[in-house]
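S.K.: What follows is a predicted protein model with its sequence.
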Amino acid sequence: MNRLDLVISNQQHESPEPKRSKPRENFGAGGEAASLEESPEVKNRRMQRELMAAAAEKRMAASRSAVAAAQVKNVGSVKDVEMAEKTKGAAKSAPGIAVENVGSVKVGGLEGDSKGKGVNLEKVESKSGISGTALSVLEADELFLMIFGNRVSKDVLAQWSNQGIRFSDDPETSMGLVQHEGGPCGVLAAIQAFVLKYLLFSLEESDNVAKSMSSNLATRRVPKNEFVAADILSSLSEGKKSRALVKSMSEILFLCGSNQRAIIASMNILNGDFMEPVNGSEDEVIAKMLGGLSLESGSDLHKVLRVDTCTSRSSTLQKLDSMLPVFRSRMGALLFLISALLSRGLDKVQEDRDDPSQPLVTAPFGHASQEIVNLLLSGSAAANVFDGKMDLGGGMFVKGISTTVEVGFLTLLESLNFCKVGQYLKCPKWPIWVVGSESHYTVLFALDTKVQEENELENRESQIRRAFDAEDQSGGGGFISVEGFHKVVKETGINFPPEKVERLCGTGFIVWSEFWQALLDLDKSLGGVKDSTGSMGKKVFDLYHFNGIAKSIANGTSFGNESPIQRPRLTKLRVSVPPRWTPEEFMANVQSASASGTNQSSGVEDSAEVSKPQHAPLVDCIRTRWARAVCNWDGDAPSIV
């Protein structure tokens, strides 16, 4: 038993309950936000940004009918702008006067229009290649409404304003991001999927962007077996986890930015730079600075939000590395979602969607929509999970996933026939999937890339089927002529006995189902697929499921002053997938295996006996990827809620 198996077997948990967020009394939209005490420096920075935003709006109104976009005028650095402002003197008291030497930049193709769908940002270029910007009032309003709508509840705002991007403190699940609030699980699960990619399958990047970071990102070859990968997963240093997180966030943001840029959102009240704290840790200092802050409207976003645009991966990695304490703070998940939306461009996000009038955070429970998850996984905020577009007729289309992805997606809703996940999401580059239920997102992954490869039987079936279809002149009817049959058997090296050939060709045409049945009866030494060992078409492999939710358990037994909580949980599943035979053959095989009580693993070493199949909603999700899969695990059933 490897180290990961040991820690999983030691986990003892209460049966999980469906995730629901606790109501909050003193936090909400429309209420008065707690006022922040501003230092002169902070107040000066805020007024500068308000001045810059006012200037942008004035220029936007004046040039709305112009054909050419405004030229971007660079300045040396933020410090240069501040010095310029101090020399102007009157600028602080004249918010309607445009700031000289500060141009405007079009973000994501946004320009002001009569519908208010896009506005300009003020840009301040620094020598580091990172440009600092401030949101205008109009864009801040658009961003807030896009995320939450105009009827967001106090509870939903509280959920999204109190979820940081943090790793679990439990040794058993230290590789996982822990979730305390109900809504942002879609954001956390997507980031978690990419983090696992870098922890398990980290590769050197061709542009060597990692070399520019203060701590070079470690690279490893794809693990040769599960034991190596399991050891990596259960013995991670904080540095390795942080580097994987930084690379994951950078990849997602560049994916949203069409591999051209990443926009990183932060809070200007944090001054952007974090000096070594005198009293307390960085996290404690930031938590204190954010104390009492509430974001209940676009106006609140306008006051506190700062965004930095990075056009190189090296600068993005450096910026994210320095901002990890911010993303660990209670605003972390929301800031990352805002970063992804701005990286994509608000106008492009709306173009991606089928119904742009609906908020991205769904009512009434504040869950991340499929559009948010798809944006983080594929770079496009499409609302559907099928491949490509679906033609509804009359020139109307609904949009799905249009490109291959690094990590994929499976959903319980497919097993309930509410949707169909396409091959792009179902078969990603790496064996990692975000798993969706009706109200929660978790992560499923394998330690071996071979779980997505075809086995011997599947390879042979695919080869023969391609040859058969090439001779099928029936328009997809599934039968070929006698002449076509002889071509297929010759091309694929099938040696039927003469009597079998005569029987198959007796009607003048050969149907695929009869042809395949004959191959099942023909030994593989003669070119068929019959295998006396019974292992030729069977797959046996391990999957791991991570649920990062940590919450109080209702009606639980208290220990002292502490309430019991559901801890993040990692579950190992043993998966056995039977051969892709006809239903009759499959049922006969199941009865035979049940009677004998044995399991043959197609060459998988140390394969455990597959006992009586266990069931949970997660199994239904797995079966959308591997039909008729049989799963087993130790302890409580894995929870996807």
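M.R.: In hand now; what should we look at? Residues are numbered from 1 along each chain as shown.
S.K.: Point out where the stretch 501-641 of the chain drops to low pLDDT.
M.R.: 532-537, 552-565, 580-611 (pLDDT under 70).
S.K.: swap that for the stretch 251-400 of the chain, sorry
M.R.: Checking the stretch 251-400 of the chain against pLDDT under 70 turns up 271-280.
S.K.: in it, which spans are helices?
M.R.: Assigned by DSSP state H, counting those that start in this stretch, the helices in the stretch 251-400 of the chain fall at 282-289, 298-304, 313-322, 324-328, 332-344, 346-352, 370-378.
S.K.: now for the last one, which elements pack on it?
M.R.: Using 3 or more C-beta pairs under 8 Å, 6 or more residues apart in numbering; DSSP states H and E as the contact criterion, the secondary-structure elements in contact with helix 370-378 are helix 185-201, helix 238-256, helix 332-344, helix 346-352, strand 408-411, helix 423-426, strand 432-436. Heads up, the C-betas are built off the backbone N, CA and C, glycines and all.
S.K.: by contact count, what packs against the longest one?
M.R.: Looking back up the chat, that one is helix 238-256. Packing contacts for helix 238-256, counted by 3+ C-beta pairs under 8 Å, 6+ apart, involve helix 185-201, strand 262-267, helix 313-322, helix 324-328, helix 332-344, helix 370-378.
S.K.: Mean neighbour count and distance to W433 added to the helices of the stretch 251-400 of the chain, as JSON lines?
M.R.: Formatted as JSON lines, those follow (neighbours: other C-beta atoms under 10 Å; distance: least, C-beta to C-beta, whole Å):
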{"stretch": "helix 282-289", "mean neighbour count": "16", "distance to W433": "31"}
{"stretch": "helix 298-304", "mean neighbour count": "19", "distance to W433": "33"}
{"stretch": "helix 313-322", "mean neighbour count": "21", "distance to W433": "24"}
{"stretch": "helix 324-328", "mean neighbour count": "21", "distance to W433": "24"}
{"stretch": "helix 332-344", "mean neighbour count": "25", "distance to W433": "19"}
{"stretch": "helix 346-352", "mean neighbour count": "19", "distance to W433": "21"}
{"stretch": "helix 370-378", "mean neighbour count": "25", "distance to W433": "10"}
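S.K.: W160 is nearest to which of the ones you listed?
M.R.: Set against W160 and scored by C-beta to C-beta, the helices of the stretch 251-400 of the chain come closest in helix 332-344, at 4.9 Å.
S.K.: what angle separates that closest one from helix 238-256?
M.R.: 40 degrees (axes from the mean of the first three to the mean of the last three C-alpha atoms, to 10 degrees).
S.K.: Quick one: list the elements packing against helix 332-344.
M.R.: helix 137-148, helix 185-201, helix 238-256, strand 262-267, strand 305-310, helix 324-328, helix 370-378.
S.K.: would you turn the ones you listed into JSON lines with distance to C621?
M.R.: Below are the helices and strands packed on helix 332-344 laid out as JSON lines (distance: least, C-beta to C-beta, whole Å):
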{"stretch": "helix 137-148", "distance to C621": "27"}
{"stretch": "helix 185-201", "distance to C621": "13"}
{"stretch": "helix 238-256", "distance to C621": "23"}
{"stretch": "strand 262-267", "distance to C621": "31"}
{"stretch": "strand 305-310", "distance to C621": "36"}
{"stretch": "helix 324-328", "distance to C621": "29"}
{"stretch": "helix 370-378", "distance to C621": "14"}
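S.K.: Pipe the helices of the stretch 251-400 of the chain into JSON lines and attach distance to S415 per row.
M.R.: What follows is the helices of the stretch 251-400 of the chain, written out as JSON lines (distance: least, C-beta to C-beta, whole Å):
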{"stretch": "helix 282-289", "distance to S415": "40"}
{"stretch": "helix 298-304", "distance to S415": "39"}
{"stretch": "helix 313-322", "distance to S415": "37"}
{"stretch": "helix 324-328", "distance to S415": "34"}
{"stretch": "helix 332-344", "distance to S415": "28"}
{"stretch": "helix 346-352", "distance to S415": "26"}
{"stretch": "helix 370-378", "distance to S415": "16"}
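S.K.: Of all these, which one comes closest to G400?
M.R.: Closest to G400 of the helices of the stretch 251-400 of the chain is helix 370-378 (C-beta to C-beta; 8.6 Å).
S.K.: what kind of secondary structure is the nearest residue to V385 once chain neighbours are set aside in?
M.R.: Spatial nearest neighbour of V385, excluding adjacent residues (C-beta to C-beta, 6 or more residues apart in numbering): V421 at 4.7 Å. Following DSSP: H, G, I helix; E, B strand; the rest coil, we place V421 in the coil state.
S.K.: from what I can see V421 touches L410, true?
M.R.: Yes - with contacts counted by C-beta atoms under 8 Å, V421 reaches L410, the gap being 6.3 Å.
S.K.: what residues are shared contacts of these two?
M.R.: Counting by C-beta atoms under 8 Å, 6 or more residues apart in numbering, the shared contacts of V421 and L410 are T624.
S.K.: Could you confirm I480 falls within a helix?
M.R.: No - assignment of I480 by three-state DSSP gives strand, placing it outside any helix.
S.K.: just checking, it touches E471?
M.R.: Yes - counting by C-beta under 8 Å, I480 does reach E471; the two are 4.5 Å apart.
S.K.: picking that back up, got CSV for the helices and strands packed on helix 238-256, with distance to Q463 too?
M.R.: Supplementary listing: these in CSV, determined by distance: least, C-beta to C-beta, whole Å:
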stretch, distance to Q463
helix 185-201, 29
strand 262-267, 44
helix 313-322, 41
helix 324-328, 49
helix 332-344, 42
helix 370-378, 31
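S.K.: how about the ones you listed, which one is nearest D355?
M.R.: Of all those, helix 370-378 comes closest under C-beta to C-beta, at 9.4 Å.
S.K.: what residues does that closest one touch?
M.R.: 186-187, 189-191, 193, 252, 255-256, 337, 340-341, 344, 349, 352-353, 360-361, 380-385, 401-403, 405-409, 424-425, 434, 436, 441.
S.K.: In ChimeraX, how would I select just the buried ones from these?
M.R.: Applying 16 or more other C-beta atoms under 10 Å to the contacts of helix 370-378, the buried members can be selected in ChimeraX as follows:
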select :186,187,189,190,191,193,252,255,256,337,340,341,344,349,352,353,360,361,380,381,382,383,384,385,401,405,406,407,408,409,424,425,434,436,441
